[in-house]
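Asker: next input, structure requested:
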Amino acid sequence: MGSFIADLAFQTTELPAWGQTVLGAEYRLGPGGKGSNQAVAAARLGGNVSFITTVGRDAFGDLARSTWRAEGINTDYCFDAADAPSGAAAIVVHPRTGENAIVAVPGASSLLTPRDVDRAATRIAESSVFVTQLEVPLATAEHGLRLAHEAGVPTILNAAPALQLPHHVYAYCDYVTPNESEASALTGHPVAGPADAERAAEILLARGCRNVVITLGKDGALAKNAAVTAHVPAFAAGPVVETTGAGDAFTGALAIALAEGLDLVAATRFGCAAAGISVTRHGTARSMPTRAEVDALLRTTA
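Answerer: Residues are numbered from 1 along each chain as shown. The predicted structure follows:
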């Protein structure tokens, strides 16, 4: 469950100040949104994926529907918003480092309601894993997590963009997957590497979730629960082109790995492999790797 947002990515070495215009090298338009990206990632890795969202009746909504159709994603619970545009994001990408800065407007995704989630309750209950993020209203995300938790379905909250969550929400979360800046915002403690990530994970576990995986970019990921603490290195799959969407590749892959019965560390490694491939490509949804690509990378680095 989550958002669809059309991504407009602009390459430039210089961020404009207020009132300033800078020239970029190129731009690209493609499908995005954290929820949709994670659904695409899971589908390309072999998952049987259903997606819950709301999109507008506009050109970006058409892009969303064609994307899901091409990836074989079930859209029974992808609802139309008659009076709101589909979401959009301006993504500024540095052409040499691949680093990004993003302004996202969820648009129609912000209209997804707990009542919409109730319409998908049976699908949620029969799933192997339920995944959501915070580009939909917090009340909606919480409701989905609670429905899945009460049905005994493992839940993943990709806490992005980071919000101050009521602590009772963590009790519905089997896995929480922030990046460094999101983990810092959630906990109030700076996170810049594995040692900081371990301390942040301890705080999140104390709030009631069962497992925390903090993604660390080029430093891989830190996975922690009550019994295990592991730093999983990043995978070098080629030159870094764009880091946008790497966290979505990771979370979608983590969901697949957990659905297939992998333990926390092995699932984190699978996620790191998927993320490592995604950063070698432009775009978000379009950068998601296939299962054959991830399996091949894991074999070469075993």
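
Asker: C-alpha from now on. contacts and neighbour counts both.
Answerer: OK.

Asker: quick one: secondary structure of residue 123?
Answerer: With DSSP: H, G, I helix; E, B strand; the rest coil as the basis, residue 123 sits in helix.

Asker: tally up the residues packed near it, please.
Answerer: Applying other CA atoms under 10 Å, we find 17 other residues in the vicinity of residue 123.

Asker: residue 95 is in contact with residue 11, isn't it?
Answerer: Yes. Applying CA atoms under 8 Å as the test, residue 95 and residue 11 come out as touching, 5.7 Å apart.

Asker: pull out the buried residues from the helix or strand of the chain with the lowest mean pLDDT.
Answerer: Lowest mean confidence among the helices and strands of the chain (mean pLDDT, DSSP states H and E): strand 100-107, at a mean of 86. Applying a neighbour-count criterion of 16 or more other CA atoms under 10 Å, the buried positions in strand 100-107 are 100, 104-107.

Asker: ok, now stretch 82-90?
Answerer: In terms of neighbour count (16+ other CA under 10 Å), stretch 82-90 has its buried residues at 84-90.

Asker: give me the mean pLDDT for it.
Answerer: For stretch 82-90, mean pLDDT is 91.

Asker: for it, which outside residues touch it?
Answerer: The contact list for stretch 82-90 (CA atoms under 8 Å, 6 or more residues apart in numbering) reads 3-10, 33, 55-58, 60-61, 102-109.

Asker: same thing but 10 Å
Answerer: With contact meaning CA atoms under 10 Å, 6 or more residues apart in numbering, stretch 82-90 is reached by 3-10, 29, 31-33, 54-64, 80, 101-111, 135.

Asker: endpoints of stretch 169-181, how far apart?
Answerer: Distance across stretch 169-181, first residue to last, is 20 Å (CA to CA, to the nearest Å).

Asker: what about the residue nearest the centre of the chain, distance to residue 158?
Answerer: Note on the chain: the residue nearest the mean C-alpha position is residue 248, at 3.2 Å, using CA atoms, centre = their mean. As for residue 248, its distance to residue 158 is 9 Å (criterion: CA to CA).

Asker: can you pull out the strands in the stretch 151-300 of the chain?
Answerer: Under the criterion DSSP state E, counting those that start in this stretch, strands of the stretch 151-300 of the chain are mapped to 155-158, 175-176, 211-215, 221-225, 229-232.

Asker: so what strands line up beside the last one?
Answerer: Taking DSSP bridges as the criterion, strand 229-232 forms sheet pairs with strand 221-225 (antiparallel).

Asker: between the strand it pairs with and strand 211-215, how big is the angle?
Answerer: Strand 221-225 and strand 211-215 meet at an angle of 170 degrees, taking axes from the mean of the first three to the mean of the last three CA atoms, to 10 degrees as the criterion.

Asker: so which residues of the stretch 1-150 of the chain form strands?
Answerer: With DSSP E, counting those that start in this stretch as the criterion, the stretch 1-150 of the chain has strands spanning 5-11, 26-32, 50-56, 74-81, 86-93, 100-107, 130-133.
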